[in-house]
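Novice: Predicted model, plus sequence, below.
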Protein chains: 2
Amino acid sequence: MKRRHFLKNMTALGTTSLLVNQSLAETRFPGPPASTTGTRSSYENPQKTLYGQMQTHGLTPLQDLHGIITPSDLHFERHHSGIPDINPEQHYLYIHGLVDKPLKLSINDLKRFPSVSRICFIECAGNCQDYFKKGPETSLQQVAGMTSQSEWTGVRLSTLLRETGLRKNANWLLAEGEDAALLTRSIPVEKAMDDAIIAYAQNGEAIRPEQGYPLRLLLPGWEGSSCVKWLRRLEVGDQPWMTREETVKYTDPLKDGSVRQFSMIMDARSVITAPTYPHQIEKGWHEIRGLAWSGRGKIKKVEVSTDGGSHWLPTQLQGPVLSQAHTRFNIPWQWNGNETLLLSRATDDAGYTQPMVQTLIAARGIGSLRYHNNGVLGWRVKSDGRIYYEIVA
Amino acid sequence: MKRRHFLKNMTALGTTSLLVNQSLAETRFPGPPASTTGTRSSYENPQKTLYGQMQTHGLTPLQDLHGIITPSDLHFERHHSGIPDINPEQHYLYIHGLVDKPLKLSINDLKRFPSVSRICFIECAGNCQDYFKKGPETSLQQVAGMTSQSEWTGVRLSTLLRETGLRKNANWLLAEGEDAALLTRSIPVEKAMDDAIIAYAQNGEAIRPEQGYPLRLLLPGWEGSSCVKWLRRLEVGDQPWMTREETVKYTDPLKDGSVRQFSMIMDARSVITAPTYPHQIEKGWHEIRGLAWSGRGKIKKVEVSTDGGSHWLPTQLQGPVLSQAHTRFNIPWQWNGNETLLLSRATDDAGYTQPMVQTLIAARGIGSLRYHNNGVLGWRVKSDGRIYYEIVA
């Protein structure tokens, strides 16, 4: 990389003797020792933004985070009836229905099976759903904070279904959660046998309560509500159950009055994480940073526009680039002090490129933007360097 | 995979109607809503083991963890003078000495530079140092808990050194921490210009206080004490400083009375994480799980012996297999109920294979086992299924 002088205001030191002498002259006292579990610095206070009348949503502060791993206690939350308090000793996973041998599995039973870990995102189908209602003073957290990423560990569902056996006409599974809502979703057997995981761990430790402790159905790349939390039951059947969460909710009305159902894959999306509201930048070199992901595979490229879409520049992807996973991108950018608009768009290895919102509307109608709204997002840079959220058509 | 029947004691369900009826009959109440930061389940209490008269060590519970990411609050700690309380607004990184332009950089200055993230382990050079003193009732945490893994984010040190410029004879850097000990280590310029990172984030958020908040020198694959925490100063010079931590400590006495100095790369090592003490297993199929890593590159293979070293079996490595990173391995194993000894050994992509301890002693003498003791570890399986730590020659 060329020397781009990212900092004009760095302090050049005339002499360093002062510094070294200071080190030697100080009297210093030992700090506190090691502890059984660490805590954050008192100078740091990252928080989820709570949302909804009943605080049914907790949004991840994407604009404050680095890398691709979301700290477990900052992973977004979306509940349909609050967080159940589950004693793992009394929790079982039942697999029954069109199977040869129904099973009742304890957490310890599940941990004995061959384990698998993978780093992948979970995103709420409704992420960015209030797209058109946001004002300019909206943080990325508020716009797109319903996606987070963890390393999940558990048992492949295919391993368990080979243990139970599947009968003829076993086409769908009903996944049921232990929350008060008994949230249920119908899952095609193809996905269950492909890459579904019955997860018991997140980022190395037991899944957090708000993420489904002690068991969560992980469907990599699929909308969050299908990744049923507090999983207690899988019933195998020959057709979908048409539950509330796949009829009244989590469906996409189309222009012709029909409704798209079971549209569970999260298509490619990208967000710029910096600079975003409420950042204020100075003239000179900056790094535009962001995250991109696709439920259909790996991110192939991310482009950024620094002129409102007239030109698109290739960004650098940071490895590891994993399938169905948040992927970091960045690109150096010299801001000349003029007002402009920053955009980003992702392309996945299926060849699909994140669309402009107008393309989504043309294809699916305006009612479709509630769920699966993966349109390009904009950040307006004002001439004073302040950054604001902007809806781009 | 063949159906190996990992569980003999799974409960086969005769009928499921009872279960479904139960679901419908229950009265259920909503749980608590989302919160700004989550907490662990009250049923989970993972802890570091504290060690040392002054609690200078906190050891990671490797036997309880899954995947490759260590939760930040369970990352091992090793302090030389406790944890300093640093206000990031008043903390600077000074780079001076044999440079063209000495610099004083704030945390915000550093965050403006191009950023880089990578997942890698940090391991104390003294991990496993009390190898010969452990009794059979020793957990993996106590044996080898001074290694942990995070995703670290920061600025490449090479980026900063290109900004300052390096004078002729700039061969070494002195890295100094802000702790009361002012811990200092000499680092070759080659490593600084290769892959060293001035890290400000760990697993997505600000580095934890016990891990060096707000800045840590990250030297991927090098011993933990060289990854100076609470970093405040880098002085560029023409030779090493011969500080306490590279003369009295962190050196390896050899058989001939000489001392190996600046042996900072952590060679390939593996540990079985399950089954280990205090697990008790039943006859039948199990999965032997573990972690392997090398400071010299990627793990190429891990072999496991289930008969005390007579035969070695290839294990499956779980992706992503990253350079200088903990890598998961696993292998199914059918225990027949007879007493036996489990071993693991790692080979890295430099072609180096983790040695038996006797090989280490033959090469470096017994005094050398304090630091860089990467000999093969053993776990004795008694006929009652109880597992015990065992020193293997």
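Specialist: Cool, the structure landed.
Novice: now the strands: where do they sit in the stretch 251-393 of chain A?
Specialist: Read by DSSP state E, counting those that start in this stretch, the stretch 251-393 of chain A holds these strands, from start to end of the chain: A:252-253, A:259-260, A:269-274, A:284-293, A:299-305, A:313-314, A:316-317, A:327-335, A:340-348, A:378-381, A:387-390.
Novice: Over to the stretch 101-250 of chain A?
Specialist: A:103-106, A:115-123, A:147-156, A:172-177, A:184-188, A:197-202, A:205-206, A:216-218, A:231-237.
Novice: For residue A:391, grab the count of nearby residues.
Specialist: Each residue near residue A:391 was counted by other C-beta atoms under 10 Å in any protein chain shown, and the total is 16. Just so you know, the C-beta spots here come from the backbone N, C-alpha and C atoms, and that holds for glycine as well.
Novice: Do I have it right that it meets residue A:378?
Specialist: Yes. At 6.9 Å, residue A:391 counts as touching residue A:378 under the criterion of C-beta atoms under 8 Å.
Novice: Can you give me the domain assignment for chain A?
Specialist: A:56-127+A:147-251, A:269-390 (automatic domain parsing).
Novice: Out of those, which gets nearest to residue B:370?
Specialist: Nearest to residue B:370 among the domains of chain A is domain A:56-127+A:147-251 (28.6 Å), distances taken as C-beta to C-beta.
Novice: mind checking how far the closest one is from the chain centre?
Specialist: Put simply, domain A:56-127+A:147-251 sits 15 Å off its chain's centre (C-alpha atoms, centre = their mean, to the nearest Å).
Novice: Do me a favour and get the end-to-end distance for that domain?
Specialist: For domain A:56-127+A:147-251, the first-to-last residue distance is 19 Å (C-alpha to C-alpha, to the nearest Å).
Novice: Let me see the contact set for residue A:265.
Specialist: A:221-223, A:295-296 (C-beta atoms under 8 Å, 6 or more residues apart in numbering or on different chains).
Novice: May I have the predicted confidence score for it?
Specialist: If you check residue A:265, the pLDDT there is 97.
Novice: repeat for the one 5 residues further on
Specialist: In the predicted model, residue A:270 carries a pLDDT score of 98.
Novice: hey, what's it bridged with?
Specialist: residue A:292 (DSSP bridges).
Novice: Quick check: bridge partners of the residue nearest the centre of chain A?
Specialist: Taking C-alpha atoms, centre = their mean, the centroid of chain A lies closest to residue A:147, which sits 2.3 Å from it. Here residue A:147 sits in beta bridges with residue A:123, going by DSSP bridges.
Novice: my guess is it meets residue A:76, correct?
Specialist: Yes. Residue A:147 lies in contact with residue A:76 (C-beta under 8 Å); the separation is 6.7 Å.
Novice: what's the overlap in contacts for those two?
Specialist: A:60, A:122, A:124.
Novice: Looking at those, which is nearest chain B?
Specialist: Closest approach between these and chain B, by C-beta to the nearest C-beta: residue A:60, at 9.4 Å.
Novice: Pull the contacting residues for residue A:177.
Specialist: Contacts of residue A:177 by C-beta under 8 Å, 6+ apart are A:183-184, A:212, A:228-232.
Novice: at 7 Å instead, please
Specialist: Residues near residue A:177 by C-beta atoms under 7 Å, 6 or more residues apart in numbering or on different chains: A:183, A:228-232.
Novice: Flag the least confident of the residues you listed.
Specialist: pLDDT across the contacts of residue A:177 is lowest for residue A:183, at 94.
Novice: which residues touch it?
Specialist: Residue A:183 neighbours (C-beta under 7 Å, 6+ apart): A:80, A:177, A:228, A:245.
Novice: any idea how far it is from chain B?
Specialist: 11 Å (C-beta to the nearest C-beta, to the nearest Å).
Novice: cool, and residue A:311?
Specialist: Distance of residue A:311 to chain B, given as C-beta to the nearest C-beta: 21 Å.
Novice: Surely that residue and residue A:305 touch.
Specialist: Yes. Under the criterion of C-beta atoms under 7 Å, residue A:311 makes contact with residue A:305 at 6.1 Å.
Novice: The closest residue to chain B within the stretch 201-350 of chain A: how many residues sit nearby?
Specialist: Residue of the stretch 201-350 of chain A nearest chain B, by C-beta to the nearest C-beta: residue A:201 (3.8 Å). As a burial measure, residue A:201 scores 23 neighbours (other C-beta under 10 Å).
Novice: Let me see the contact set for it.
Specialist: Contacts of residue A:201 (C-beta under 7 Å, 6+ apart): A:152-154, A:207, B:66-67.
Novice: can you rerun that using 6 Å?
Specialist: Counting by C-beta atoms under 6 Å, 6 or more residues apart in numbering or on different chains, residue A:201 makes contact with A:153, B:66.
Novice: who's it bridged to?
Specialist: Beta-bridge partners of residue A:201, counted by DSSP bridges, are residue A:153, residue A:206.
Novice: Quick check: the gap between residue A:150 and chain B.
Specialist: Going from residue A:150 to chain B by C-beta to the nearest C-beta gives 8 Å.
Novice: Oh, that last question was meant for residue A:157, not what I typed.
Specialist: 14 Å.
Novice: For that residue, give its distance to residue A:167.
Specialist: Here residue A:157 is placed at a distance of 16 Å from residue A:167 (C-beta to C-beta, to the nearest Å).
Novice: between these two, who's got more neighbours?
Specialist: Using other C-beta under 10 Å as the criterion, residue A:157 and residue A:167 rank with residue A:157 on top: 25 against 12.
Novice: Surely that one and residue A:193 touch.
Specialist: No. Under the criterion of C-beta atoms under 6 Å, residue A:157 lies out of contact with residue A:193, with a separation of 7.4 Å.
Novice: What is the end-to-end distance of stretch A:151-161?
Specialist: Start-to-end, stretch A:151-161 (C-alpha to C-alpha) is 23 Å.
Novice: just stretch A:39-59 next, same as before
Specialist: This stretch, stretch A:39-59, spans 21 Å end to end (C-alpha to C-alpha).
Novice: mind listing what the closest residue to residue A:99 other than its chain neighbours touches?
Specialist: In space, and not counting its chain neighbours, residue A:99 is closest to residue A:164: 4.0 Å by C-beta to C-beta, 6 or more residues apart in numbering or on different chains. By C-beta under 6 Å, 6+ apart, residue A:164 lies in contact with A:95, A:99, A:101, A:103.
Novice: from these, which is closest to residue B:387?
Specialist: Ranked by distance to residue B:387 (C-beta to C-beta), these are led by residue A:103 at 27.1 Å.
Novice: ok, the closest one to residue A:165 distance?
Specialist: If you go by C-beta to C-beta, the gap between residue A:103 and residue A:165 works out to 10 Å.
Novice: So for those two, which residue has more residues nearby?
Specialist: Taking other C-beta under 10 Å, residue A:103 and residue A:165 do not tie; residue A:103 has more neighbours (21 against 14).
Novice: what about the nearest residue to the more buried one once chain neighbours are set aside, how many neighbours?
Specialist: Leaving aside its sequence neighbours, residue A:103 sits nearest to residue A:95 (C-beta to C-beta, 6+ apart; 4.8 Å). Residues within reach of residue A:95, counting by other C-beta under 10 Å, total 24.
Novice: check contacts around residue A:95.
Specialist: Here residue A:95 is in contact with A:103, A:164, A:234 (C-beta under 6 Å, 6+ apart).
Novice: same thing with residue A:264?
Specialist: A:222-223, A:226.
Novice: measure it to residue A:200 for me?
Specialist: 22 Å.
Novice: possible to save the contacts of residue A:95 as CSV with pLDDT?
Specialist: Listed next are the contacts of residue A:95 as CSV, based on pLDDT from 0 to 100:
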residue, pLDDT
A:103, 96
A:164, 97
A:234, 98
